[in-house]
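Chemist: Got a sequence here, can you model it:
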Amino acid sequence: MTINMIPSVGMEFDGVDAAWQFWVDYGKKYGFGVRKHYLNKRKSNGLITSCKFVCCKEGSKLKDKRSFLVKKPRAETRSECKASISLSLKNGKFVIQDFVETHNHLLQHAGTTHMLASHRKISEVQAYEIEMAEDSGLKQKASFQLMSTHAGGRTNLGFTRLDVKNYLQAKRQHDMVHGDLGSLMQYFQRQMLDNPSFYHAYQMDCEEQITNIFWADAKMILDYGYFGDVVSLDTTYCTNRANRPLALFSRFNHYRGTLIFGAALLYDETAESFKWLFETFLEAHGSKKPQTMFTDQAPAMAKALAKACMSSGVSVIQFFQQFEKVVAEKQYNELVCEYESRHKLPTLRYQHSPILMQLAQVYTHKIFDLFNDEFSLFLAASIQERDVSQIPYKYVITMFNVEGEWRVLFDPVKSSISCTCRKFETFGILCCHALKVYDTNDVKLIPDEYILKRWTREARDGVIIDIRGNEVVGDPKLSSTHRYKKLCSTMIRLAADVSTSESLHKLVEKGVYDLYKLVMEVRLQDAGKINDESDVPIVTEEYETQASGIKIRPGFTSRKRIKSWVERMPKKIRRATTVKSKPSQRSKDTDSPSQMECETSTLAHSTCEFSPTSENNFSFTGLLMEQINYG
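Modeler: You can find the predicted model right below:
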């Protein structure tokens with residue numbers, strides 16, 4: 001059946017759907033919208049026996065029973081148009097019994113027909129593109145304009161901006177059909193299916209309402225395994241409909257930007273909540289404890305979150321979608337730095353220095369630049385006193401035009417060195433005072449123990465094991481992402497090539513349809529084999545049977561950034577909230593958990609014992625020193 005044909009009495013169709021599609025195409029071609037007037041069915045088996053399709057202007061509007069004070073009543077659109085076709089079932093075919101062709105209203109021309117409701121439809125592919133644009137942070141106006149350009153204009157798109165808005169609104173409602181709790185549990189289960197190393201936990205009150213939620217994906221676990229000796233905890237963002245602050249465990253790395261080690265949505269900022277949060281954080285990372293912890297040191301993440309739909313009005317699912325985008329952006333910045341490190345050659349200020357030539361091949365560019373600065377300073381260093389009568393040798397170093405003196409100990413047998421400035425212990429590169437002593441003793445290469453792995457290009461070498469004993473895979477979807485990009489580029493190029501030819505377009509359309517059917521058949525066959533594969537992760541439903549809901553935090557209506565408990569503390573006390581371990585003189589970057597636990601005995605107590613509430617004081621220092629048993 002072709003859309004060039006005009007309906008006539010006796011015309012036959014294989015089914016109701018075929019007849020309806022013919023009426024839709026006919027209406028679109030001649031400029032009017034269509035509706036289904038009625039469908040008659042047999043009571044015995046529900047079989048449709050007759051139907052009537054009409055113009056969208058058929059009938060008249062019911063009497064408006066609303067108050068006359070309504071400011072913007074809907075405009076009248078119906079004009080009792082009689083244009084219609086009536087069909088009945090005969091010998092397995094639907095046959096047109098009656099056709100009224102004449103309309104009593106103006107018909108739309110070709111440029112406006114696409115605005116009629118019956119001719120507006122978002123296809124499955126278009127729906128996917130709309131969702132991708134939404135997930136990418138594009139505004140609806142911008143994404144609609146982009147899709148219109150691809151289609152050759154709005155008239156060819158098949159839907160309007162209002163349809164996009166309604167579709168996204170309906171999708172959000174559908175995503176939340178199980179409520180906040182159900183949606184949260186489904187999100188966590190999907191994450192665990194994608195990567196078994198994903199970790200999540202939550203705390204409940206006596207009413208089985210969820211109060212605090214913590215999670216860490218595979219990339220966070222990997223980053224902590226490599227760079228988790230220093231951690232910053234920040235709780236300054238009110239980001240979701242439940243009015244919960246977002247707590248972030250992170251670290252700013254000079255080369256890699258902001259690294260995220262874990263995140264949590266807190267019900268409150270009491271000592272009890274923070275104690276649970278920190279214990280859960282340690283459990284997620286195999287009880288490996290950080291050497292140093294700072295509070296409220298993540299302004300970069302605060303700015304990034306403010307720039308991404310992070311307001312107190314978003315749902316749980318919207319929050320996680322936006323949070324994933326922010327984290328992905330931060331992680332991509334590391335890839336940019338990795339590219340720069342491999343693509344550009346480091347700059348040696350002294351071309352023939354063995355130490356600079358050595359570290360240029362090892363350090364990342366940014367760290368090497370910092371070491372370059374330190375290396376230049378050693379030229380201004382002078383040895384005021386020296387004692388080489390016994391090992392270790394003792395030196396007193398001064399700097400030109402700088403007040404003060406620094407004491408350096410050097411072991412010529414082991415080439416070990418230490419300085420009272422403690423630059424290596426606190427930052428991780430040797431100071432100019434130590435370099436002066438090395439130069440004096442003709443040491444031409446830096447010993448391996450003073451090249452911290454976290455500052456090198458090979459910082460991510462090695463295997464990280466999660467708490468379940470599995471090797472952590474940072475991006476399990478990487479190969480599938482590459483395949484998707486390759487297919488997308490091929491399909492787009494093919495569509496562009498055949499769009500100018502009707503015969504080629506039909507050929508490709510049929511080929512794609514046949515290929516899709518084949519893919520569905522293979523997928524159904526593979527689905528039956530999934531239960532037999534031993535490596536498929538099993539997701540338990542223990543959380544669903546325990547919690548009864550997510551507890552709503554009352555009393556917050558502002559969408560502005562809320563102040564954390566640290567910011568609300570007096571300035572004198574706030575300065576003392578940093579919790580630090582005393583670095584060992586020969587500490588390395590690749591400490592094992594057992595070594596970390598041994599080192600926590602040297603933690604120095606801070607002046608302030610982490611007291612967000614006056615009723616129940618809690619100390620990160622004490623918790624770090626405490627031997628936690630997770631059973």
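
Chemist: Could you list the low-pLDDT ranges of the chain?
Modeler: Residues of the chain that meet the criterion pLDDT under 70 lie in 1-4, 63-70, 175-179, 236-243, 253-257, 295-316, 474-482, 484-485, 527-546, 553-631.

Chemist: Centroid-wise, who is the farthest residue in it?
Modeler: Distance from the C-alpha centroid of the chain, by CA atoms, centre = their mean, peaks at Ser389 (60.3 Å).

Chemist: if I've got this straight, that residue is in a helix?
Modeler: No: secondary structure assignment (DSSP: H, G, I helix; E, B strand; the rest coil) places Ser389 in coil, not in a helix.

Chemist: in which helix or strand would I find the residue minimising distance to the centre of the chain?
Modeler: With the centre of the chain defined as its mean C-alpha position, the nearest residue by CA atoms, centre = their mean is Glu324, 1.2 Å away. Secondary structure assigned from DSSP states H and E places Glu324 in helix 316-343.

Chemist: What is that helix packed up against?
Modeler: helix 161-175, helix 179-194, strand 257-265, helix 299-307, helix 365-377 (3 or more CB pairs under 8 Å, 6 or more residues apart in numbering; DSSP states H and E). Every residue, glycine included, has its C-beta placed from N, CA and C.

Chemist: Can you show me the CA trace of the helix or strand following that helix as PDB?
Modeler: Scanning forward in sequence from helix 316-343 by DSSP H and E, the next helix or strand is helix 354-360. The C-alpha atoms that make up helix 354-360 are tabulated as PDB, following Å, rounded to 0.1, in the frame of the first residue of the first chain:
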ATOM      1  CA  PRO A 354      73.100  13.000  35.500                       C
ATOM      2  CA  ILE A 355      70.400  13.500  38.100                       C
ATOM      3  CA  LEU A 356      68.200  15.500  35.800                       C
ATOM      4  CA  MET A 357      68.700  13.100  32.900                       C
ATOM      5  CA  GLN A 358      67.700  10.200  35.300                       C
ATOM      6  CA  LEU A 359      64.500  11.800  36.700                       C
ATOM      7  CA  ALA A 360      63.400  13.200  33.300                       C
END
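
Chemist: Quick one: distance of helix 354-360 to the chain centre.
Modeler: On the basis of CA atoms, centre = their mean, to the nearest Å, the separation between the geometric centre of helix 354-360 and that of its chain is 39 Å.

Chemist: what's in contact with it?
Modeler: Contacting residues not belonging to helix 354-360 are listed as 346, 348-350, 368, 371-372, 375, 435, 438, 444-446, 451 [CB atoms under 8 Å, 6 or more residues apart in numbering].

Chemist: Rebuild those as JSON lines, extending it with distance to Arg190 and neighbour count.
Modeler: Conversion of those to JSON lines gives the following (distance: CB to CB, whole Å; neighbours: other CB atoms under 10 Å):
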{"residue": "Pro346", "distance to Arg190": "43", "neighbour count": "18"}
{"residue": "Leu348", "distance to Arg190": "49", "neighbour count": "15"}
{"residue": "Arg349", "distance to Arg190": "51", "neighbour count": "11"}
{"residue": "Tyr350", "distance to Arg190": "54", "neighbour count": "13"}
{"residue": "Phe368", "distance to Arg190": "41", "neighbour count": "23"}
{"residue": "Phe371", "distance to Arg190": "44", "neighbour count": "21"}
{"residue": "Asn372", "distance to Arg190": "47", "neighbour count": "20"}
{"residue": "Phe375", "distance to Arg190": "50", "neighbour count": "22"}
{"residue": "Leu435", "distance to Arg190": "52", "neighbour count": "25"}
{"residue": "Tyr438", "distance to Arg190": "54", "neighbour count": "22"}
{"residue": "Lys444", "distance to Arg190": "55", "neighbour count": "11"}
{"residue": "Leu445", "distance to Arg190": "50", "neighbour count": "13"}
{"residue": "Ile446", "distance to Arg190": "47", "neighbour count": "21"}
{"residue": "Ile451", "distance to Arg190": "41", "neighbour count": "19"}
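
Chemist: mind putting the residues you listed in a markdown table, distance to Lys486 included?
Modeler: As requested, the contacts of helix 354-360 are arranged in a markdown table below (distance: CB to CB, whole Å):
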| residue | distance to Lys486 |
| --- | --- |
| Pro346 | 34 |
| Leu348 | 40 |
| Arg349 | 44 |
| Tyr350 | 47 |
| Phe368 | 36 |
| Phe371 | 41 |
| Asn372 | 41 |
| Phe375 | 46 |
| Leu435 | 50 |
| Tyr438 | 52 |
| Lys444 | 49 |
| Leu445 | 45 |
| Ile446 | 44 |
| Ile451 | 40 |
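
Chemist: What is the nearest of those to Arg172?
Modeler: When the contacts of helix 354-360 are compared for distance to Arg172 (CB to CB), Phe368 comes out closest, at 48.0 Å.

Chemist: ok so, going back, what are the buried residues along the helix holding Glu324?
Modeler: Within helix 316-343, the residues scored as buried using 16 or more other CB atoms under 10 Å are 316-323, 325-327, 330-331, 334, 337, 341.
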